[in-house]
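Undergrad: sequence? don't have it. structure:
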Ligand code: NAD
Ligand code: DAU
């Protein structure tokens, strides 16, 4: 079958990547979607069971850190576009072990950029889309928002590695005229997120009557966006962005951690038919994350004005939907927290 476009999505077995792959495979039968993923602890093909036999989908297991493997892959497949999500993504792990982040997030990105540069001629309609994070902008005080022109000020090994990769992607645009676009998004929540991140970790802990480790005083603020709204934004940007541009994506949905945790505790009590107040008793204040950024907030006006994107789901509805998904998908939760994944799930594995 001849496809209109052949798109390489990296990190498609992870949290956001699996939502994006599903959207693209289902929405664009005329595109061939190739999902390249190393299947680290965070990547799981269970996330894509529903589309794995689609005729416009192919999975390839591989490591973006191998330049040779990436070069061969590009030669073989002649991709028209890349949407690059593969990354080490958890801040706490980056504090314990920065090198994996340097290798995958920086070296891996450069390998992809080099392969795209060697294979794409200037006359073709190609695009290298780098999916990035708002953490590159650093930490806000009590007021203000990140815009696309906010200076970079990354403060964790994770955000420094993502900032480096953003800079390199832009450098390939300016130096080699590689057609690129970047988006920087706030915290995502939803189904299929590895339960090391705040929301799925706390849902799983409440379910198992385990303590809820709140870093510091729980006063840090995050701007939460439903993962499917992020995937929709990526689709829109991929198809409509001006080459070389950056777009911020965010939920306009700021929550102090402790307030969010209390809302989750209440919903969990209701869903589990426990007396209201039961889950809150599991809250335990623990030593703060080193260099813990106080607040993130995204100004997504550019994306709204230029491409008409706004979040579709209200947080109150989204968080309930998310909690129900984890409760109804016990097999998924058990699978990703057991067997070979156990050592990655065990909090002792990394020290904050
Ligand atoms: P994730 O950790 O859930 O998934 C990452 C995926 O990348 C996994 O499937 C993993 O197997 C794969 N991967 C890791 N190293 C690889 C390698 N060397 N080669 C090939 N594949 C590899 O991450 P996520 O939360 O889905 O984030 C996806 C992207 O979006 C990342 O680039 C992240 O920086 C960015 N982002 C995440 C958020 C968020 O809230 N989670 C917000 C903004 C931006
Ligand atoms: O802003 C986008 C970023 O959001 C992404 O780029 C990252 O990939 C993603 O992991 C996320 O980073 P955070 O560090 O904000 O997410 P995390 O879920 O780890 O933590 C959210 C907040 O909750 C943060 O202030 C730390 C706090 N926290 C987290 C955990 C895991 C706790 O208090 N206790 C915990 O056990």
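TA: Alright, I've got the coordinates. Source: prediction; values computed, not measured. Ligands and ions are numbered 1, 2, ... in the order given.
Undergrad: contacting residues around residue 50?
TA: For residue 50, the contacting residues are residue 22, taking C-beta atoms under 8 Å, 6 or more residues apart in numbering as the criterion. For glycine as for every other residue, the C-beta is placed from the backbone atoms N, C-alpha and C.
Undergrad: just checking, it is part of a helix?
TA: Yes: Residue 50 sits within a helix when classified using DSSP: H, G, I helix; E, B strand; the rest coil.
Undergrad: Distance of it relative to residue 230?
TA: Distance from residue 50 to residue 230, counting by C-beta to C-beta, to the nearest Å: 19 Å.
Undergrad: One more: residue 330?
TA: As defined by C-beta to C-beta, residue 330 lies at a distance of 25 Å from residue 230.
Undergrad: of these two, who's got more company?
TA: Neighbours were tallied for residue 330 and for residue 230 using other C-beta atoms under 10 Å; the higher tally belongs to residue 230 (26 against 11).
Undergrad: all strands of the stretch 251-352 of the chain, in order?
TA: Using DSSP state E, counting those that start in this stretch, the strands found in the stretch 251-352 of the chain span residues 254-256, 283-286.
Undergrad: Mind checking what secondary structure residue 7 has?
TA: Secondary structure for residue 7, judged by three-state DSSP, is strand.
Undergrad: Just give the nearest non-adjacent residue to it, would you?
TA: Using C-beta to C-beta, 6 or more residues apart in numbering and skipping the chain neighbours, the partner closest in space to residue 7 is residue 81 (4.9 Å).
Undergrad: so the one you found bridges to which residues?
TA: Counting by DSSP bridges, residue 81 is bridged to residue 7, residue 127.
Undergrad: per-domain residue ranges of this protein.
TA: Residue ranges for each domain of the chain read 5-188+226-249, 191-222+255-291+315-340, as given by automatic domain parsing.
Undergrad: Pick the most buried one from the ones you listed.
TA: Among the domains of the chain, domain 5-188+226-249 has the highest mean neighbour count (mean count of other C-beta atoms under 10 Å), at a mean of 20.
Undergrad: so for it, what's the average pLDDT?
TA: The pLDDT scores in domain 5-188+226-249 average 97.
Undergrad: okay if I get the domains of the chain as JSON lines plus distance to residue 304?
TA: Formatted as JSON lines, the domains of the chain follow (distance: least, C-beta to C-beta, whole Å):
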{"stretch": "domain 5-188+226-249", "distance to residue 304": "10"}
{"stretch": "domain 191-222+255-291+315-340", "distance to residue 304": "18"}
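Undergrad: of all the ones you listed, which lies closest to residue 302?
TA: Closest to residue 302 of these is domain 5-188+226-249 (C-beta to C-beta; 5.8 Å).
Undergrad: Tell me how far that closest one lies from the chain's centre.
TA: Centroid displacement of domain 5-188+226-249 relative to its chain, using C-alpha atoms, centre = their mean, to the nearest Å, is 9 Å.
Undergrad: what about that domain, start to end distance?
TA: Start-to-end span of domain 5-188+226-249 (C-alpha to C-alpha, to the nearest Å) is 25 Å.
Undergrad: Tell me how many other residues crowd residue 314.
TA: Each residue near residue 314 was counted by other C-beta under 10 Å, and the total is 11.
Undergrad: Do I have it right that residue 304 meets residue 311?
TA: No: with contact defined as C-beta atoms under 8 Å, residue 304 and residue 311 do not form a contacting pair (9.9 Å).
Undergrad: hmm, the top helix by length along the chain in reach of ligand 1?
TA: Within the chain, and with DSSP state H defining each element, the longest helix by residue count is helix 157-176. Yes: using C-beta under 6 Å from any ligand atom, a contact is recorded between helix 157-176 and ligand 1, made by residue 162.
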